[in-house]
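Participant: Sharing a model prediction with you, sequence too.
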Amino acid sequence: MKHLLSTDGLAADTATAVLDTADELKRTLLGREVRKLPTLRGRTVVTMFYENSTRTRVSFEIAGKWMSADVINVSASGSSVGKGESLRDTALTLSAAGADCVIVRHPASGAAHRLAGWLAGAGTSVVNAGDGMHEHPTQALLDAATLRERLGGLPGRRIAIVGDVLHSRVARSNVHLLTTLGAEVVLVAPPTLLPTGVQSWPVTTSHDLDSQLPAVDAVMMLRVQAERMHGGFFPSAREYSIAYGLNEARLRLLPEHAVVLHPGPMLRGMEIGSAVADAPQSAITEQVRNGVHVRMAVLYHLLAGEGGDRG
Ligand code: CP
């Protein structure tokens with residue numbers, strides 16, 4: 001693997017190899033007082049975030065540090081981006097300075113792909129840490145890792161992805177990855193929060209959450225992305241919460257073994273009830289924990305695994 005830009009087109013065996021490596025890293029580090037492996041000593045990883053993040057930025061930093069890479073965080077406000085430097089010039093500068101891997105979050109869909117094009121031939125890997133409404137591949141990988149762990153496997157499992165699908169890069173990456181790995185996906189959303197063209201996606205759709213819950217193995221609640229809602233007929237927070245919020249009554253509709261996921265940050269009381277977020281069925285904290293191991297595995301496959309050794 002040279003870059004990780006998307007789960008669209010990510011082969012099942014490549015995704016499974018990353019997930020297996022993450023499982024192995026988790027087992028290796030379990031219970032250790034010092035969680036440091038020498039694997040990426042001498043490698044330099046740069047995170048470059050043009051949008052806010054807690055989980056993704058911090059877990060990539062921890063992942064790099066636990067593998068002994070040098071990790072440098074660049075934010076738009078504290079760098080020359082604030083003086084108007086372009087994404088292209090910023091990326092070329094970081095690559096010239098010695099970055100082996102650039103992890104980028106950007107509000108523009110396609111930004112990570114552009115970056116990978118500009119860095120072609122430079123020997124610098126690019127990871128998409130979320131580009132606009134397009135994709136968030138490491139989120140989908142950590143979700144798959146969590147579902148594999150809780151459900152014992154993905155083939156034949158039915159996963160509901162609920163809420164603001166229209167604006168969600170998490171939903172897009174999960175649809176590609178979960179279906180590639182053999183799961184069935186149902187998107188549950190109000191009509192105005194489903195993308196046009198969803199009919200061509202490998203999913204079914206529903207506007208009725210209550211009818212779907214008894215037949216799913218997992219329910220993935222999405223964040224309502226108010227910052228991306230410009231115009232359009234979107235439900236109010238109250239309407240949304242009544243029709244699509246996962247409250248305690250809805251939790252009781254789920255099969256006993258079903259898992260509740262949310263990529264975070266959560267709007268407690270709107271998308272998900274506070275008691276539901278903290279219930280035994282909730283794997284939200286495990287998602288964050290698995291995010292570190294999955295991002296370690298991604299860095300390993302890019303920088304140290306087969307094809308990642310640049311001498
Ligand atoms: N899930 C996710 O991407 O969270 P952050 O925005 O905190 O990174």
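Facilitator: Now that the structure is in, tell me what you want to look at. Residues are numbered from 1 along each chain as shown.

Participant: Please identify which residue in the stretch 101-250 of the chain comes closest to the ligand.
Facilitator: Relative to the ligand, the nearest point of the stretch 101-250 of the chain is Q139 (5.3 Å; C-beta to the nearest ligand atom). Quick note: C-beta positions are derived from backbone N, CA and C, even for glycine.

Participant: scratch that, the stretch 151-300 of the chain is what I was asking about
Facilitator: P263 (3.8 Å).

Participant: quick one: which helix or strand includes that residue?
Facilitator: Assigned by DSSP states H and E, P263 belongs to no helix or strand.

Participant: where's the residue lying closest to it once chain neighbours are set aside, which helix or strand?
Facilitator: Sequence neighbours aside, V170 is the residue nearest to P263 in space, at 4.7 Å (criterion: C-beta to C-beta, 6 or more residues apart in numbering). Assigned by DSSP H and E, V170 belongs to helix 169-180.

Participant: who touches that helix?
Facilitator: The set of residues external to helix 169-180 that reach it, using C-beta atoms under 8 Å, 6 or more residues apart in numbering, is 6-12, 15, 130-137, 139-141, 143-144, 147, 154, 159, 161, 165, 185, 187, 201-203, 220, 222-223, 263.

Participant: need the next SSE after that helix, C-terminal direction.
Facilitator: With elements assigned by DSSP H and E, the helix or strand that comes after helix 169-180 is strand 184-188.

Participant: Now do that following strand: everything it contacts.
Facilitator: So strand 184-188 is contacted by 156-163, 165, 171, 174-175, 178-179, 194, 198, 201-209, 212, 216, 244 (C-beta under 8 Å, 6+ apart).

Participant: Could you rerun that using 6 Å?
Facilitator: By C-beta atoms under 6 Å, 6 or more residues apart in numbering, the residues outside strand 184-188 that reach it are 158-162, 165, 175, 178-179, 203-206, 209, 212.

Participant: Which of those residues fall in helices?
Facilitator: Judged by DSSP state H, the subset of those located in helices is 175, 178-179, 209, 212.

Participant: Output the residues you listed in TSV; the columns should cover pLDDT and distance to the ligand.
Facilitator: Below are the ones in helices among the contacts of strand 184-188 laid out as TSV (pLDDT from 0 to 100; distance: C-beta to the nearest ligand atom, whole Å):
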residue	pLDDT	distance to the ligand
V175	98	16
L178	98	16
T179	98	20
L209	98	21
Q212	98	23
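
Participant: hmm, which two among those are most spread apart?
Facilitator: Spatial extent of the ones in helices among the contacts of strand 184-188 (C-beta to C-beta) is set by the pair T179 and L209 at 20.5 Å.

Participant: Around the ligand, pick out the residues from this protein.
Facilitator: Contact residues, the chain versus the ligand (C-beta under 6 Å from any ligand atom): 53-56, 130, 139, 263-265.

Participant: which among those end up buried?
Facilitator: Among the residues of the chain next to the ligand, those scoring as buried are 53, 55-56, 130, 139, 263-264 (criterion: 16 or more other C-beta atoms under 10 Å).

Participant: ok, which stretches of this protein are strands?
Facilitator: 44-49, 70-75, 101-106, 125-131, 158-162, 184-188, 204-206, 218-221, 259-261 (DSSP state E).

Participant: list the contacts for the closest residue to A129 other than its chain neighbours?
Facilitator: Nearest residue to A129 in three dimensions, chain neighbours excluded: R105, at 4.2 Å (C-beta to C-beta, 6+ apart). With contact set as C-beta under 6 Å, 6+ apart, R105 has these partners: 49, 51, 53, 129-130.

Participant: Dump those residues to a markdown table, plus pLDDT.
Facilitator: As requested, the contacts of R105 are exported to a markdown table (pLDDT from 0 to 100):
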| residue | pLDDT |
| --- | --- |
| F49 | 94 |
| E51 | 92 |
| S53 | 95 |
| A129 | 98 |
| G130 | 98 |
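
Participant: Which of those sits closest to F60?
Facilitator: Nearest to F60 among the contacts of R105, with distances taken as C-beta to C-beta, is A129, at 6.9 Å.

Participant: check contacts around that closest one.
Facilitator: Neighbouring residues of A129 by C-beta under 6 Å, 6+ apart: 56, 103, 105.

Participant: Next one: it from G82, what distance?
Facilitator: A129 is 20 Å from G82, where distance means C-beta to C-beta, to the nearest Å.

Participant: With H257 instead?
Facilitator: For H257, the distance to G82 - C-beta to C-beta - is 49 Å.

Participant: Please apply the same query to E256.
Facilitator: 52 Å.

Participant: now swap in G305 and tell me
Facilitator: 36 Å.

Participant: more crowded one of these two?
Facilitator: Neighbours were counted for G305 and for G82 using other C-beta atoms under 10 Å; G305 has more, 17 against 10.

Participant: out of everything not next to it in sequence, what's closest to that one?
Facilitator: Closest to G305 by C-beta to C-beta, 6+ apart is M1, at 7.2 Å.
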